[in-house]
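*Asks:* my questions concern the predicted model and sequence given below.
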Amino acid sequence: MGLFRRGSKEEELRVEVGPDAFVFHARGTQLRLVAEVGTPPNAIPLFPMDVTGGVSPSRYQYLQAFLHGGFLAAANRKKLKKKPRVILFGASSLDAVLHGYQYELLRRAAMDAGASSVRFADANALALPAGYL
């Protein structure tokens, strides 16, 4: 009976995903963040394009922290009061780097960063990656 309260509206946060930057849209504001963690001389890219063949450390925790910071900055707060519903656009642009795993990776990172739900607006969010046989 008391599961759904009238008038309690969850915040909706739209995020445009790209290998070089993410754009967060919340309540009429737009925030563009370069997809890297750290300060410019020592910045670590979230999605490095030039793979040298060596083993690179996992960047999942960096992605999670990046998304959490983006959620906070887009909401213009120090703490998320309500968990936002997140809609991700353009996740397929990460296919060249993440080879089809970007949907699950982004979903988990956004949920761990404080989202109440994650939805993809790509036309083929569950399609096989390009070149997959």
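*Replies:* On my side now, so go ahead.
*Asks:* which helix or strand in the chain has the lowest average pLDDT?
*Replies:* Ranked by mean pLDDT, DSSP states H and E, the weakest helix or strand in the chain is helix 95-98, scoring a mean of 84.
*Asks:* CA-only coordinates of that helix in CSV, if you can.
*Replies:* Output of helix 95-98 as CSV, limited to C-alpha atoms (Å, rounded to 0.1, in the frame of the first residue of the first chain):
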residue,chain,number,x,y,z
ASP,A,95,32.5,-0.4,-29.0
ALA,A,96,35.9,0.1,-30.5
VAL,A,97,37.5,0.1,-27.1
LEU,A,98,35.3,-2.2,-25.0
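*Asks:* buried stuff in the following helix or strand past that helix?
*Replies:* Using DSSP states H and E, the helix or strand that follows helix 95-98 towards the C-terminus is helix 102-112. Within helix 102-112, the residues that qualify as buried are 102-103, 105-107, 109-111, counting by 16 or more other C-beta atoms under 10 Å. Glycine gets a C-beta too; all of them are placed from N, C-alpha and C.
*Asks:* how about stretch 37-47?
*Replies:* Under the neighbour-count criterion of 16+ other C-beta under 10 Å, stretch 37-47 has 37, 45-47 buried.
*Asks:* give the rounded mean pLDDT of that stretch.
*Replies:* For stretch 37-47, the mean pLDDT works out to 87.
*Asks:* please state the offset of that stretch from the chain centre?
*Replies:* Chain-centre distance of stretch 37-47: 16 Å, with C-alpha atoms, centre = their mean, to the nearest Å.
*Asks:* contacting residues for residue 117?
*Replies:* Counting by C-beta atoms under 8 Å, 6 or more residues apart in numbering, residue 117 touches 85-86.
*Asks:* residue 22 too?
*Replies:* So residue 22 contacts 15-16, 32-33, 35, 66-67, 70 (C-beta under 8 Å, 6+ apart).
*Asks:* these in helices, which ones?
*Replies:* 66-67, 70 (DSSP state H).
*Asks:* state the helix or strand in which residue 63 lies.
*Replies:* Counting by DSSP H and E, residue 63 is part of helix 60-75.
*Asks:* residues making contact with the next helix or strand after that helix?
*Replies:* Following helix 60-75 in sequence order, the next helix or strand is strand 85-89 (DSSP H and E). For strand 85-89, the external contacting residues (C-beta under 8 Å, 6+ apart) are 10-17, 71, 106, 110, 115-122.
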